Every structure is written in structure tokens, then in C-alpha cells.
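[1] Got a sequence here, can you build the structure:
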Amino acid sequence: MSVNATPSALPEYLLLLRGTQLDQRLPLHEMQEAMGKFTEWVSSLALAGKLKLAQPLSHDGKIVGNKERTVSDGPFAESKEAVGGYLLLTVETIEEAIDIAKNCPLIDWGSSVEVRPVIQQCPTMQIVGQRLANAATLSQVS
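    Model (predicted):
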């Protein structure tokens with residue numbers, strides 16, 4: 001199942017920015033420098049036609065889980081692991097996405113970038129489809 005009505009012609013990669021709470025560890029002048037360089041970097045990706053979307057995420061939120069669908073405060077990840085925002089890139093290969101991630105200026109201030117390919121079908125749905133197809137084949141043979 002895919003909910004993307006208009007898939008991109010190029011592969012897409014999500015860059016998850018972690019440890020972006022610079023206000024917890026940097027003085028004001030360093031935060032200004034970091035955010036200035038970050039803004040320039042994001043703008044350069046947009047000008048190059050490689051950036052499809054970029055958005056920051058709030059530091060707080062809610063987590064919905066378990067069978068009772070309980071709602072709790074979250075995320076509770078360490079601040080260095082918390083996702084602070086994301087960029088959606090349209091580039092040819094994961095190597096190109098990794099090269100772009102390596103140039104993220106926030107890495108110089110202790111942040112990290114997780115690179116994830118965006119796929120057209122949920123892997124679990126793929127496995128379910130394969131297993132159902134295999135079961136149908138086996139029932140025809142027997």
C-alpha cells in the first residue's frame with residue numbers, strides 16, 4: 001500500500017536531524033552561527049532542486065501506543081537522539097543523500113543526521129503479499 005499519489009521520478013531520502021536542541025548546550029552567538037550556516041545549507045539544497053520538503057519538529061509531543069491506545073507525553077529520547085526536524089530529498093542515490101548529510105553544518109555543533117530511503121510500499125505489506133501469494137500457490141499444487 002502506498003499513500004503517495006504522485007511518486008517522485010527520482011528516489012527520495014529522508015534526513016532526520018537529531019540532537020538539534022542547540023539552546024541546551026551553546027551560547028547565543030554560537031547558536032546564531034550554527035543556524036545561519038544551517039539556513040544557508042538548506043537554501044542551497046532548494047536552489048539545486050534536491051530539496052522537496054523541510055520542516056522543524058516541536059520538542060514536545062505525544063506518544064500513542066499499546067492495545068488500549070493510551071496517550072502519553074513524549075518523546076522521551078535523550079536530547080541528542082530526539083528528532084528535531086527533517087528534510088526530504090530527491091536525489092539519485094543513497095550515496096548522494098549521505099554526501100549531502102555529511103555537509104549538514106549542525107554536525108559541527110554535535111547534531112547528527114540519519115539518512116533513510118523512502119520506499120513506495122511498506123515492507124510489512126510486501127511480506128504479507130508474498131506470503132499470501134506463496135500460500136495460494138501451495139494450495140493450487142496440493
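[2] And the lowest mean pLDDT element among the helices and strands of the chain?
    strand 70-74 (a mean of 84; mean pLDDT, DSSP states H and E).
[3] could I have that one exported to PDB, CA atoms only?
    Presented in PDB, the C-alpha positions along strand 70-74 are these (Å, rounded to 0.1, in the frame of the first residue of the first chain):
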ATOM      1  CA  THR A  70      -3.100   5.100  25.600                       C
ATOM      2  CA  VAL A  71      -1.600   8.600  25.100                       C
ATOM      3  CA  SER A  72       1.500   9.700  27.000                       C
ATOM      4  CA  ASP A  73       3.800  12.600  26.900                       C
ATOM      5  CA  GLY A  74       6.800  12.200  24.700                       C
END
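[4] After it, which helix or strand is next?
    strand 83-90 (DSSP states H and E).
[5] Flag every buried residue along that following strand.
    Judged by neighbour count (16 or more other Cβ atoms under 10 Å), strand 83-90 contains these buried residues: 84, 85, 86, 87, 88, 89, 90. All C-beta atoms are positioned from the backbone trio N, CA, C, and that covers glycine.
[6] Closest to residue 23 out of those residues?
    Distances from residue 23 to the buried residues of strand 83-90, taken as Cβ to Cβ, are shortest for residue 84 (10.9 Å).
[7] Please tell me how far that closest one sits from residue 13.
    Computed with Cβ to Cβ, to the nearest Å, the distance linking residue 84 and residue 13 is 18 Å.
[8] Same check on residue 119?
    Counting by Cβ to Cβ, the separation of residue 119 from residue 13 is 11 Å.
[9] After the helix or strand where residue 45 lies, heading C-terminal, what element do we hit next?
    Following DSSP H and E, the helix or strand that holds residue 45 is helix 28-47. Read in the C-terminal direction, the helix or strand following helix 28-47 is strand 51-56, with elements assigned using DSSP H and E.
[10] so where does the spatially closest residue to residue 101 that is not a sequence neighbour fall, helix or strand?
    Excluding the flanking residues, the one nearest residue 101 by Cβ to Cβ, 6 or more residues apart in numbering is residue 113, at 4.1 Å. Secondary-structure element containing residue 113, defined by DSSP H and E: strand 112-118.
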